[in-house]
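Asks: Sequence plus predicted model, see below.
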Amino acid sequence: MQFKRTKKNINGVLLLDKPLGYSSNQALQKAKWLLQAAKAGHTGTLDPLASGLLPLCFGEATKFAHYLTDADKTYFATIKLGVTTNTGDAEGEVISAKPVNISQLQFEQACSQFIGEINQIPPMYSALKHEGKALYEYARAGVEIERKSRTITIHSITQNTFAPTVASITVTCSKGTYIRTLAEDIGHLLGCGAHLIGLRRTATANYHIMQAITLEQFEVMMPVQRELLLLPVDSAVRHLPAAILDTDSTFYLQQGQAVWQSGVMAKGLIRLYSEQKVFLGLGEQQSDGKISPKRLIVSKDTPQ
């Protein structure tokens with residue numbers, strides 16, 4: 001006789017160090033199963049050949065996951081110069097090989113050309129959809145789909161190591177940036193070609209890889225230890241200004257009504273808390289000064 005696992009209403013953010021070989025969804029499902037969580041979502045896809053920081057949102061935290069998906073991210077990337085592949089990374093077939101006669105200064109200068117707002121064409125080997133199918137499905141079938149360039153922002157590129165054919169860089173960039181494409185574009189600019197042979201995400205928004213736990217470590221923990229690792233729901237929106245509501249305002253806000261709270265001058269979205277410092281969700285100040293609810297969390301204390 002099989003017993004059905006009881007799913008729990010768990011709320012919070014788990015910072016996972018995704019291992020190589022796992023898709024983001026595989027890592028999510030594993031962590032969700034270990035926590036016996038009823039609801040979960042990840043915050044930005046990492047390819048199976050990439051490792052590193054993957055914030056996972058559980059329960060009420062899933063309401064704010066898109067803020068992490070849209071946030072700036074930092075990667076440690078290793079680039080092979082002189083060789084291009086059909087996928088832009090080490091998984092693909094070699095399509096060209098050229099001698100490399102590049103100095104460290106030339107490499108640094110090439111990297112600097114990509115800092116700022118640039119246009120980037122997404123690779124065919126990506127999970128972007130075209131008519132309901134991922135682009136990589138077309139690529140594997142030998143079909144090329146025309147892709148529009150997208151505007152992204154590279155905030156910084158720092159060179160870490162340089163050897164005649166292999167270099168490593170740290171890149172901080174906006175959402176939607178393909179580091180594989182960046183590596184290829186750097187190689188193209190240098191005239192020798194290049195592809196990505198290693199990628200590790202080290203930061204997302206205000207989260208850092210040093211805070212993350214591996215799946216192996218997470219798996220051997222006791223259930224109560226796993227839950228203690230979850231960061232609070234509001235950690236996903238700490239970049240927004242905050243306001244504390246009095247008891248009456250808290251009550252009416254949780255009824256879905258706009259409320260007045262003196263002393264709140266922030267524009268745009270605001271993190272809202274009760275006088276007991278309980279996170280209520282997000283609101284937005286209207287032109288009349290009232291704060292309207294935008295995205296509230298449901299807790300055992302929320303009026304039904």
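Replies: Perfect, I can see it now. Since the model is a prediction, treat every value here as computed from it, not as a measurement.
Asks: any idea how far Thr170 is from Asp288?
Replies: In this view, Thr170 and Asp288 are 46 Å apart by Cβ to Cβ, to the nearest Å. Using the backbone N, CA and C atoms, a C-beta is placed for each residue, glycine as well.
Asks: who's more crowded, those two?
Replies: Neighbour count, other Cβ atoms under 10 Å: between Thr170 and Asp288, Thr170 has more, with 16 against 8.
Asks: ok, what's across the strand from the more buried one?
Replies: Phe76, Thr158 (DSSP bridges).
Asks: That one against Thr202, yeah?
Replies: Yes: with contact defined as Cβ atoms under 8 Å, Thr170 reaches Thr202; the gap is 7.5 Å.
Asks: Can you pull the residues that touch both of the two?
Replies: Residues touching both Thr170 and Thr202 (Cβ atoms under 8 Å, 6 or more residues apart in numbering): 74-76.
Asks: Quick check: of those, which has the highest neighbour count?
Replies: Tyr75 (23 neighbours).
Asks: For burial, what's the neighbour tally of the residue nearest to Ser23 when sequence neighbours are not counted?
Replies: Distance criterion Cβ to Cβ, 6 or more residues apart in numbering; nearest residue to Ser23, sequence neighbours excluded, is Pro48 at 5.3 Å. Neighbourhood size, Pro48 [other Cβ under 10 Å]: 15.
Asks: likewise the one 5 residues further on?
Replies: For Leu53, the neighbour count with other Cβ under 10 Å is 26.
Asks: give me the element it is part of.
Replies: Using DSSP states H and E, Leu53 sits in strand 50-58.
Asks: How far does stretch 200-216 sit from its chain's centre?
Replies: Centroid separation between stretch 200-216 and its chain, computed with Cα atoms, centre = their mean, to the nearest Å, is 10 Å.
Asks: Which strands and helices lie in contact with the helix or strand following the strand holding Leu53?
Replies: Where DSSP H and E defines the elements, the next helix or strand beyond strand 50-58 is helix 65-69. On a contact count with 3 or more Cβ pairs under 8 Å, 6 or more residues apart in numbering; DSSP states H and E, helix 65-69 meets strand 50-58.
Asks: Could I get the contacting residues of the spatially closest residue to Asp17 that is not a sequence neighbour?
Replies: Nearest non-adjacent residue to Asp17, counting by Cβ to Cβ, 6+ apart: Ala212, 4.1 Å away. Counting by Cβ under 8 Å, 6+ apart, Ala212 touches 15-17, 52-54.
Asks: His208: which of these is nearest?
Replies: The closest of the contacts of Ala212 to His208 turns out to be Leu53 (Cβ to Cβ; 7.2 Å).
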